[in-house]
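Student: quick one, structure for this:
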Amino acid sequence: MRLDSLDVILRDVPSATAFFRDTLGLALIASDELFAEFDAGGFQLMLSPEALVPTQTARGVILHFRVPDVAVALKATRSRGARVLLELTRTDWN
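Tutor: Residues are numbered from 1 along each chain as shown. Sure thing, here's the model as predicted:
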């Protein structure tokens, strides 16, 4: 079994689409005012304001993306307008 897609339910699809496309550089597959789909490197990331199944409000979502060089990815993402909340930090899981 492998992850095929991840749906993120949010209010403002156009703003989130701009963030994932322009700031993180994900490849946009399809979009309109109420839906966006990205190639997230092995799975599809989908954004929409509603779900087809019942949901509860989440406190947040943390997405992890594997990159070849974290420092290079951080510099590129910052240059595209990302606000960095935590600078490069060595962890016990590298």
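Student: I figured Phe43 hits Asp4, correct?
Tutor: Yes - with contact defined as Cβ atoms under 8 Å, Phe43 reaches Asp4; the gap is 5.9 Å. In short, each C-beta sits where N, CA and C put it, glycine included.
Student: neighbour-wise, which of those two wins?
Tutor: Phe43 (13 against 8; other Cβ atoms under 10 Å).
Student: and the more buried one, what pLDDT?
Tutor: As predicted, Phe43 sits at a pLDDT of 92.
Student: so where's the chain uncertain?
Tutor: Applying pLDDT under 70 to the chain flags residues 1, 94.
Student: longest helix anywhere in it?
Tutor: helix 70-79 (DSSP state H).
Student: for the spatially most central residue of the chain, grab phi and psi.
Tutor: Centroid-nearest residue in the chain: Phe20, 5.4 Å away (criterion: Cα atoms, centre = their mean). Backbone torsions of Phe20, given as degrees, to the nearest 10, read phi -70, psi -30.
Student: Leu26 and Pro14: what is the separation?
Tutor: Using Cβ to Cβ, to the nearest Å, Leu26 is found at 15 Å from Pro14.
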